[in-house]
Every structure is written in C-alpha cells, then in structure tokens.
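Chemist: just coords:
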C-alpha cells in the first residue's frame, strides 16, 4: 500500500508541474495575421463573423494565435491586421 501512495504522490506532483508550465507559457502568445489556411482562423475577421470562416489562404485580416516571437519568423506574416 505504501508503494501505491508514493506512486500517486509522484504522479500528482508531475501533473501539477506540467500544468504550471502550461499556464506560464499560455501568457506569451500573439496574434499572427496573414498565414492561416482558409477556414482555420482563430476568431472573427472583417469579412467573417466567427472562427474557422476565413475565405482564402493567407487572408490578411485572419489570424491564428502563436507563441510570442514565432510570427515574425513566418513569410507573409504580420502581428497587425490590415
């Protein structure tokens, strides 16, 4: 029984640390415009009312949320909507 308790505690600690790491990285995100495939945008655009409704690949006002700093490395991307 003692071995099961130790294993459970270790599992909880590992899962808890993964959750904390995920929460910390969640704050470092940015909107990246102009790189999304048609129908894969994260939110509404000037020409569509909800997520997943962008009409063309690379639509300038459609964005996806990416880790901060990644957008500037993508060809045709922008951190501002046009």
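Modeler: Structure received. Just so you know, these numbers come straight off a predicted model, no measurement behind them.
Chemist: Residue 61 and residue 45 touch, don't they?
Modeler: Yes. Counting by C-beta atoms under 8 Å, residue 61 touches residue 45, with 4.4 Å between them. The C-beta positions use only the backbone N, C-alpha and C, and glycine is treated the same way.
Chemist: can you give me the helices for the chain?
Modeler: 2-26 (DSSP state H).
Chemist: Run through it and note the low-pLDDT ranges.
Modeler: 1, 5-11, 13-27 (pLDDT under 70).
Chemist: Let's see that with 50 instead.
Modeler: 20 (pLDDT under 50).
Chemist: Can you get me a residue count around the closest residue to residue 68 other than its chain neighbours?
Modeler: For residue 68, ignoring the flanking residues on the chain, the nearest one in space by C-beta to C-beta, 6 or more residues apart in numbering is residue 28 at 4.4 Å. Using other C-beta atoms under 10 Å, the number of residues around residue 28 comes to 9.
Chemist: which of residue 61 and residue 45 has more neighbours?
Modeler: Between residue 61 and residue 45, counted using other C-beta under 10 Å, residue 45 has the larger neighbour count: 21 against 15.
Chemist: My read is that that one contacts residue 51, right?
Modeler: No. Shown here, residue 45 and residue 51 do not form a contact pair, counting by C-beta under 8 Å, at 9.5 Å.
Chemist: ok, residue 71 to residue 2 distance?
Modeler: Taking C-beta to C-beta, to the nearest Å as the measure, residue 71 falls 51 Å from residue 2.
Chemist: Could you check how many residues crowd around the residue lying closest to residue 30 once chain neighbours are set aside?
Modeler: Leaving aside its sequence neighbours, residue 30 sits nearest to residue 68 (C-beta to C-beta, 6+ apart; 4.9 Å). By the criterion of other C-beta under 10 Å, residue 68 has 13 neighbours.
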